[in-house]
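Asker: Quick one: sequence plus predicted model below, questions after.
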Amino acid sequence: MIIRKGLFHIKAIIKKKMYSLIYGKKILWGKNVTFRALFSLSIDGDGKVTIDDDCFFNNNCSINCLQSVSIGKGSIFGENVKIYDHNHRFSDFSMPIKAQGYSIGKVSIGDHCWIGSNVVILKGSQIEDNCVIGAGCTINGFVPQGTIVKCNNELVYEKIRQGD
C-alpha cells in the first residue's frame, strides 16, 4: 500500500509539471496537491485554475476551465468529480448547439471541503469553507459555510404492464 501511494504521488508530481509546462501561469498549484489516476485538467482562453495547499483528488476527477476555478486549501475530492465553469449555449434553434458558444461563470470551492464521489459542480457555483457535498449531487449556485448538501434521490418502483 505504501509503495502504491508513493507511485501515485510521483505520477502526480510529473503530471503537475506537465500541466505547468502546457498552461504556464494559467495554473497555480499549492503545496502537497496530489491526485490519483486519470485526473484531467483543461484550461482554454483566458481561464485560470488555482488549487491551494493540501488538496487531494481521487480517481477520474476533471477540471474544465474557460474563466476561473479556485479551490481552497485542504479540500478533498471523491472519485469522478467534474468541475465546469462554463456550459453550452443552446437557445438558438437555428444553429447547432456546438456552434452557439458558452455561458461562463466562476467556480469557487472554499477551504477544507469534502466533495463526494460523482459530484458535478457547474458554472457560477460558490461553495464556502467547511462544506460537505454528498455523493451524486449536482451543484449549481451558492452553498454557505459549514453546510452538508445531500442528494435526495427517491426511487420509484412501478409494475411492468404486459402488452405495453
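Answerer: Yes, it's here. Numbering: from 1, shown residues only.

Asker: drop to CA atoms for contacts and neighbour counts, all remaining ones
Answerer: Fine.

Asker: in the worst-scoring helix or strand of the chain on mean pLDDT, what counts as buried?
Answerer: Lowest by mean pLDDT, DSSP states H and E among the helices and strands of the chain is helix 2-23, with a mean of 89. For helix 2-23, the neighbour count (16 or more other Cα atoms under 10 Å) marks 8-9, 11-13, 15-16, 19, 23 as buried.

Asker: Skip ahead from it and say which helix or strand is next.
Answerer: Counting by DSSP states H and E, the next helix or strand C-terminal to helix 2-23 is strand 27-29.

Asker: tell me what that next one is packed against?
Answerer: Judged by 3 or more Cα pairs under 8 Å, 6 or more residues apart in numbering; DSSP states H and E, strand 27-29 is in contact with helix 2-23, strand 48-51.

Asker: Against which helices or strands is the longest one packed?
Answerer: In this structure, helix 2-23 makes packing contacts with strand 27-29, strand 34-35, judged by 3+ Cα pairs under 8 Å, 6+ apart.

Asker: at 7 Å what do you get?
Answerer: Using 3 or more Cα pairs under 7 Å, 6 or more residues apart in numbering; DSSP states H and E, the elements in contact with helix 2-23 are strand 34-35.

Asker: Now distance to residue 29 too, for the buried residues of helix 2-23, in CSV please.
Answerer: Output for these, formatted as CSV (distance: Cα to Cα, whole Å):
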residue, distance to residue 29
8, 17
9, 14
11, 15
12, 12
13, 11
15, 12
16, 8
19, 10
23, 12
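
Asker: Which residues does the residue nearest the centre of the chain form beta bridges with?
Answerer: Using Cα atoms, centre = their mean, the residue of the chain that lies closest to the mean C-alpha position is residue 83, 2.7 Å off. Taking DSSP bridges as the rule, residue 83 bridges to residue 63, residue 121.

Asker: isn't it right next to residue 121, touching?
Answerer: Yes: with contacts counted by Cα atoms under 7 Å, residue 83 reaches residue 121, the gap being 4.8 Å.

Asker: Before I go, just wanted to say thanks for your time.
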